[in-house]
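K.L.:
fold the stuff below for me.
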Amino acid sequence: MKLAVIADDLTGALDTGVKFAGSPGGVQVWAGGAFQPQDATGDVVVVDGELRHKSPKQAREECAALVRRVLEAGAERLYIKTDSALRGNIGPMFQGALDASGWGFAAFAPAFPQMDRVTRKGIHYIQGVPIHQSVFGQDPFEPVRSSRVADLFRDFSGDVRMFAPGDPVEVEGNGPTLGIFDGECLEDFHRIAAALEKAGRLRLLGGCAGFASQLAGILGLTGGARRLEPVKKPLLVLCGSLNPISKEQLSQGERQGDVRLTLESGLLTPAQVEGPQGDALEGRILEAMEPGRDVLLDTAGPVPGREAEGSRETVAQALGALLFRLLRRPEIEGFQPMVVGGDTLMGLMDRLPAAQLSPLAEPVPGVVLSQVQVEAGKERTLLSKSGGFGGKDLFSQLKSALDQGPAFGPFQG
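P.N.:
So this is what the prediction gives:
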């Protein structure tokens, strides 16, 4: 195994895994930490640990356990895939990876220039705004409190050092060291990798899909270009994300003639979706699908009087159960299903017969087309994206890319 990626959520695992889809030995994505050493068959294995919403202690321990598994399977290098908006248990994940590997140095480059997310002098920006002052600072579940990357590592048991792209990587002392690297363009990642390789430190790396997108070429994990068959179907989108970016994408789709159904979160539990109320809900959706237009489903938001975390998990599981119902209907064959939000995608994967996905293409930045097993002997394609990715015209851009036939592997520009 040339590279193992440990991701904190499933959409992140996919948008990173697709960067290596052209690897000659293939790439596997495993949902919910289901990977075991005997499962490894490809050059690249991506394991979603579902660590974003765990306690810091749990995230550290579970990340360490996953690292031990992939090292047992023969991984030569590790990549800790984190959220590009600095959400989740980033510090504990790196601590767990260093604990388990014993490698002593980890390089963290959190920038994602393709999404206008850059790190300058240790401060993380989105579209020129410090990340804690952006929409991610207003997240109803996990607002970003600081734009200073080093603040993620307040409890790190070792040294934390700052590096500009191309700085020599010189590390003193015997304890673990975490290097934070600025980055504002794709060329910066190549400078970072060159400095790490020269120092013999190109082994334990981390960041979002931005750094990963350049590692495929740097590590020789690329293949020949080809195009997939065009996808000329309307979209059926289930959005569990409450991110304002996703909400604006849905509103723009609605303005352009898509059918939008906003469901009351208080009526969404797995038990309700799987029972008589689910029958009625399925009927509403099938009726909305009849004209053959894109259908966009989302929820109204947190439920008053309920714990936000419990509400999020319950709604995500319910939306996953709803899509699982729809995937077994014959009408779905005329639509291309899409999931927005990692928790919702995990809610679906919890019900599918296999925990493995095969990323095929990235039609537009941040949106991944994967193949999943719906039931025994039946596979189909599924689109997915993180809630915070894309511009307001994402759905129309996506439809155009699918109509032309998406390129196999990462977005080609």
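K.L.:
tell me how many other residues crowd residue 195.
P.N.:
22 (other Cβ atoms under 10 Å). C-beta here means a position set from N, CA and C on the backbone, and glycine is covered the same way.
K.L.:
would it count as being in a helix?
P.N.:
Yes - according to DSSP: H, G, I helix; E, B strand; the rest coil, residue 195 belongs to a helix.
K.L.:
residue numbering should commence at 54 henceforth.
P.N.:
Will do, 54 is the new start, and the previous item becomes residue 248.
K.L.:
the nearest residue to it once chain neighbours are set aside: what's it in contact with?
P.N.:
Closest residue to residue 248 apart from its sequence neighbours, by Cβ to Cβ, 6 or more residues apart in numbering: residue 222 at 5.1 Å. When contacts are counted by Cβ atoms under 8 Å, 6 or more residues apart in numbering, residue 222 touches 158, 160, 216, 232, 248-249, 251-252, 254.
K.L.:
give me the phi and psi for residue 222.
P.N.:
When read as degrees, to the nearest 10, the backbone of residue 222 gives phi -90, psi 90.
K.L.:
any idea how far it lies from residue 247?
P.N.:
Residue 222 sits 10 Å away from residue 247, taking Cβ to Cβ, to the nearest Å as the criterion.
K.L.:
before we move on, back to that, the contacts of residue 222 in strands, which ones?
P.N.:
158, 160, 216, 232 (DSSP state E).
K.L.:
among those, give me the pair with the biggest separation.
P.N.:
158 and 216 (11.3 Å; Cβ to Cβ).
K.L.:
just the helices in the stretch 204-353 of the chain please.
P.N.:
Using DSSP state H, counting those that start in this stretch, the helices of the stretch 204-353 of the chain run over 239-251, 262-271, 297-308, 323-326, 329-342.
K.L.:
before we move on, back to that, any common contacting residues for residue 158 and residue 216?
P.N.:
Overlap of the contact sets of residue 158 and residue 216 (by Cβ under 8 Å, 6+ apart) consists of 222, 232.
K.L.:
residues of stretch 332-349 that come out buried?
P.N.:
In terms of neighbour count (16 or more other Cβ atoms under 10 Å), stretch 332-349 has its buried residues at 334-335, 338, 341-342, 347-349.
K.L.:
retrieve the pLDDT associated with residue 401.
P.N.:
Among the per-residue scores, residue 401 shows a pLDDT of 95.
K.L.:
about what we covered before: looking at the contacts of residue 222, spot the one nearest residue 366.
P.N.:
residue 160 (32.8 Å).
K.L.:
residue 259 is in contact with that closest one, correct?
P.N.:
Yes - using Cβ atoms under 8 Å, residue 160 is in contact with residue 259, at 6.9 Å.
K.L.:
residues touching residue 243, list them.
P.N.:
Residues near residue 243 by Cβ under 8 Å, 6+ apart: 267, 271.
K.L.:
against residue 156, how distant is residue 251?
P.N.:
17 Å.
K.L.:
in the stretch 304-453 of the chain, where is pLDDT below threshold?
P.N.:
The stretch 304-453 of the chain contains residues with pLDDT under 70 at 318-320, 355-363.
K.L.:
show me the chain divided up by domain.
P.N.:
56-271, 288-457 (automatic domain parsing).
K.L.:
possible to save these as TSV with distance to residue 465?
P.N.:
Formatted as TSV, the domains of the chain follow (distance: least, Cβ to Cβ, whole Å):
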stretch	distance to residue 465
domain 56-271	11
domain 288-457	8
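K.L.:
closest to residue 464 out of those domains?
P.N.:
domain 288-457 (4.2 Å).
K.L.:
what's around the residue nearest to residue 84 when sequence neighbours are not counted, how many residues?
P.N.:
Nearest non-adjacent residue to residue 84, counting by Cβ to Cβ, 6+ apart: residue 402, 4.2 Å away. Residues lying near residue 402 (other Cβ under 10 Å) number 24.
K.L.:
what about the strands in the stretch 354-466 of the chain?
P.N.:
Counting by DSSP state E, counting those that start in this stretch, the stretch 354-466 of the chain has strands at residues 389-393, 409-414, 420-428, 431-438.
K.L.:
comparing those strands, which comes out most buried?
P.N.:
Among these, ranked by average contacts under mean count of other Cβ atoms under 10 Å, first place goes to strand 389-393 (a mean of 25).
K.L.:
give me the below-cutoff pLDDT ranges for the stretch 154-303 of the chain.
P.N.:
When residues are selected by pLDDT under 70, those of the stretch 154-303 of the chain lie in 276-278.
K.L.:
contacts only, for the closest residue in space to residue 196 that isn't next to it in sequence.
P.N.:
Using Cβ to Cβ, 6+ apart and skipping the chain neighbours, the partner closest in space to residue 196 is residue 190 (5.3 Å). Residues in contact with residue 190 (Cβ under 8 Å, 6+ apart) are 184, 196-198.
K.L.:
got it, and residue 140?
P.N.:
105, 189, 192, 195, 197.
K.L.:
cool, and residue 350?
P.N.:
Residues in contact with residue 350 (Cβ under 8 Å, 6+ apart) are 289-292, 313-316, 338, 372, 375.
K.L.:
what do you get for residue 76?
P.N.:
55, 95-97, 269, 274-276.
K.L.:
could these go into CSV alongside neighbour count?
P.N.:
Below are the contacts of residue 76 laid out as CSV (neighbours: other Cβ atoms under 10 Å):
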residue, neighbour count
55, 18
95, 18
96, 20
97, 29
269, 22
274, 20
275, 17
276, 16
